[in-house]
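1. predicted structure and sequence below. I'll ask about it afterward.
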Amino acid sequence: MSKQNPSPMPELTSEIPRERVLQDDGVFLIVSTKGLDYTKTSGLLIRRCDFSATAPFGYECKGQYRQLRKTLWHATLDSGVPNADGTTERSTGIYGNELDAIVNLWASRRLDHLGPTF
């Protein structure tokens, strides 16, 4: 028997076209945003979480990857913990292709500073 969603909000994954979901382990997912006019990223690392005012759909963005130049890709994580300069992003690196950026972002998803998983 499946668990009922306690919130009246629709589940976000029902709004994301399946072909945009690159990876999903039940807690985290990587979604491609390439070709969408309103984004500055190529993809997002999203984590499922409890519904709240800061996560009204039960998801929070924990990272992104984007193309810098024709042959350079950059991946970052949002730790939620402010750095000395007040930002919360942490670079995972600059890569020679999109696949390397995605793989590194995916491999970094379980770092302790990204918060608890459930």
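-> Perfect, I can see it now. The shown structure was predicted, so the numbers you read here are calculated from the model rather than taken from an experiment.
2. which residues does the lowest-mean-pLDDT helix or strand in the chain contact?
-> Ranked by mean pLDDT, DSSP states H and E, the helix or strand of the chain with the weakest confidence is strand 89-95, at a mean of 78. Residues outside strand 89-95 that contact it (CB atoms under 8 Å, 6 or more residues apart in numbering) are 63, 68, 72-79, 83, 101, 104-105, 108, 113. The way it works is simple: take the backbone N, C-alpha and C, and place the C-beta from them, glycine included.
3. just how off-centre is the helix or strand that comes right after it within its chain?
-> Going down the chain from strand 89-95, the next helix or strand is helix 98-107, by DSSP states H and E. Chain-centre distance of helix 98-107: 12 Å, with CA atoms, centre = their mean, to the nearest Å.
4. other SSEs contacting helix 98-107?
-> strand 21-24, strand 28-32, strand 43-48, strand 59-69, strand 72-78, strand 89-95 (3 or more CB pairs under 8 Å, 6 or more residues apart in numbering; DSSP states H and E).
5. weed out the non-buried ones from the contacts of strand 89-95.
-> Buried members of those, counted by 16 or more other CB atoms under 10 Å: Gly63, Trp73, His74, Ala75, Thr76, Leu77, Asp78, Ser79, Ala101, Asn104, Leu105, Ser108.
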